[in-house]
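Colleague: fold the following and give me the result.
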Amino acid sequence: MKLNELRDNPGATHRAKRVGRGPGSGLGKTGGRGIKGQKSRSGVAINAYEGGQMPLYQRLPKRGFNNINAKTYAVINLGILQKFIDAGKIDTSAPVDEDALVKSGLVRRKKDGVRLLAKGELTAAVNLTLTGASKAAVEAIEKAGGSVTISAPAKADAPAE
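Modeller: Predicted coordinates for the structure are as follows:
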């Protein structure tokens with residue numbers, strides 16, 4: 001096969017519908033839009049409108065509550081932290097903060113902060129500075145000879161003084 005022999009599969013492409021090109025085309029004059037009314041004109045957006053019938057999104061029952069002030073944290077576990085330390089991606093000689101975790105690839109983005117949970121085992125002594133940690137995680141780190149400093153998350157919308 002050569003580059004000049006490449007073709008789409010039969011039926012994979014369709015000819016463009018050329019509207020408004022005369023009565024012989026079958027799509028002349030009104031261009032398949034019928035006559036008059038809002039939908040015959042350009043720039044129309046009637047999303048979810050059902051002709052006066054109650055729209056589906058209003059007919060369905062609403063449940064629950066979405067807290068607009070809820071915080072979402074990037075979560076890390078002790079086992080994954082140990083795996084990254086063993087792989088040499090995290091340097092335990094210096095204090096490890098959230099930016100170091102992002103740089104190592106352990107956390108993709110900080111969100112509202114990084115929170116440490118106690119799943120897995122930790123043997124390395126590491127000094128962490130995080131937004132939050134569970135009591136069991138703090139105990140496990142201190143048992144391994146490290147320390148955890150809990151810092152308040154930086155407020156992005158606070159005015160600079």
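Colleague: can we go C-alpha only for contacts and neighbour counts from here?
Modeller: Fine.
Colleague: quick check: phi and psi on the spatially most distant residue from the centre of the chain?
Modeller: The C-alpha centroid of the chain is most remote from residue 24, which lies 50.1 Å away (Cα atoms, centre = their mean). With angles defined as degrees, to the nearest 10, residue 24 sits at phi -70, psi -20.
Colleague: now do the strands in this structure.
Modeller: 74-77, 96-97, 114-117, 127-130, 132-133, 147-150 (DSSP state E).
Colleague: nearest to residue 38, of those?
Modeller: Of all the strands of the chain, strand 74-77 sits nearest to residue 38, with 47.8 Å by Cα to Cα.
Colleague: partners of that closest one in the sheet?
Modeller: Strand 74-77 pairs in its sheet with strand 114-117 (parallel), by DSSP bridges.
Colleague: ok, and what's touching the strand it pairs with?
Modeller: Applying Cα atoms under 8 Å, 6 or more residues apart in numbering, the contact partners of strand 114-117 are 73-78, 98, 130-134, 136-137.
Colleague: and the furthest pair within these?
Modeller: The distance between the two most remote of these (Cα to Cα) is 19.6 Å, for 98 and 136.
Colleague: point out where this structure drops to low pLDDT.
Modeller: Along the chain, the model assigns pLDDT under 70 to residues 153-161.
Colleague: beta partners of the nearest residue to residue 134 once chain neighbours are set aside?
Modeller: Nearest non-adjacent residue to residue 134, counting by Cα to Cα, 6 or more residues apart in numbering: residue 117, 5.5 Å away. As for beta bridges, residue 117 partners with residue 77 under DSSP bridges.
Colleague: separation between residue 117 and residue 91?
Modeller: Distance of residue 117 to residue 91, computed by Cα to Cα, to the nearest Å: 20 Å.
Colleague: neighbour count: those two, which is higher?
Modeller: Per other Cα atoms under 10 Å, whichever of residue 117 and residue 91 has more neighbours is residue 117, with 18 against 15.
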